[in-house]
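Novice: here are the coordinates; sequence isn't available:
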């Protein structure tokens, strides 16, 4: 068999992909072992008093082309991961790591096949759907002064929008353990993550000991869909805006995502009024 030199080693076949993945997992373990970062590990059932931000999302998406079995499995996976995350305290100076807190997903630990993205394509995979959870986490942190230290993006157009468009409704990628989501508590007080589910929804809160001086919101500009060749893409710019809590004045406005996401749902479901040339 000839090797196409234009391909990466991991793109040759599934075996090469698995080898490359294990190499990256080992590299991350070594990097963390050598790191001077202190990772959060303490949990408390007692809630900190101040709600910094709150987010929610549907656990199960329904629609044309969506495999409901994988959606139900995704909900199982998210519930398992929430048990590891709920109540986590991040002390000043500590870092949060999604995978160091959640741990490896496996059948033995109860995880099921959900949707994962491999090579730009949706397919079943153990622990799939946890990107829904990491994205909820990312939205919580973007509405706070905490510092995001590791973020990986995938498509922000995995499924049609449900109701009013929510900036960053998806798009935060995680894959054990080398594609992680991390942030640092760069404040002078403890913060706490609360994550839980009811029958149909995922809920998240970021709490603190006292109110921070600024409030935060996300603003999206230029949101539309564009056809490029044979594919459609969601395009926009998403900003994190800090306001002085007393005066309401804008303190800072940072671009957090220059969005160019391949649409991974049925093109017929793209709102026609949002398609631009």
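Specialist: The structure has been received and is ready for your questions. Since the structure is predicted, the reported quantities are computational estimates derived from the model, not experimental observations. Numbering: from 1, shown residues only.
Novice: pLDDT score assigned to residue 8?
Specialist: Here the pLDDT value assigned to residue 8 is 63.
Novice: ok, now the one 5 residues further on?
Specialist: For residue 13, the model assigns a pLDDT of 68.
Novice: Next: residue 139.
Specialist: With respect to pLDDT, residue 139 has a value of 96.
Novice: what about it, distance to residue 61?
Specialist: 17 Å (CB to CB, to the nearest Å). The C-beta positions use only the backbone N, C-alpha and C, and glycine is treated the same way.
Novice: ok, now residue 228?
Specialist: Using CB to CB, residue 228 is found at 25 Å from residue 61.
Novice: what comes up buried for stretch 229-247?
Specialist: Going by neighbour count (16 or more other CB atoms under 10 Å), the buried part of stretch 229-247 is 232, 233, 234, 235, 236, 238, 239, 240, 241, 242, 243.
Novice: Now it: average pLDDT?
Specialist: For stretch 229-247, the per-residue pLDDT averages 96.
Novice: Centre of the chain to it, how far?
Specialist: How far stretch 229-247 lies from its chain's middle: 16 Å, per CA atoms, centre = their mean, to the nearest Å.
Novice: Next: stretch 126-136.
Specialist: The chain centre lies 7 Å from the centre of stretch 126-136; the measure is CA atoms, centre = their mean.
Novice: Name the residues that touch that stretch?
Specialist: With contact meaning CB atoms under 8 Å, 6 or more residues apart in numbering, stretch 126-136 is reached by 55-57, 59, 70-71, 73-75, 77-78, 81-82, 85, 98, 102, 105-107, 111-116, 154, 168-174, 176, 181, 195, 202, 204.
Novice: Any of the residues you listed buried? List them.
Specialist: The buried subset of the contacts of stretch 126-136 (16+ other CB under 10 Å) comprises 55, 57, 59, 70-71, 73-75, 77-78, 81-82, 85, 98, 102, 105, 111-116, 154, 168-174, 176, 181, 195, 202, 204.
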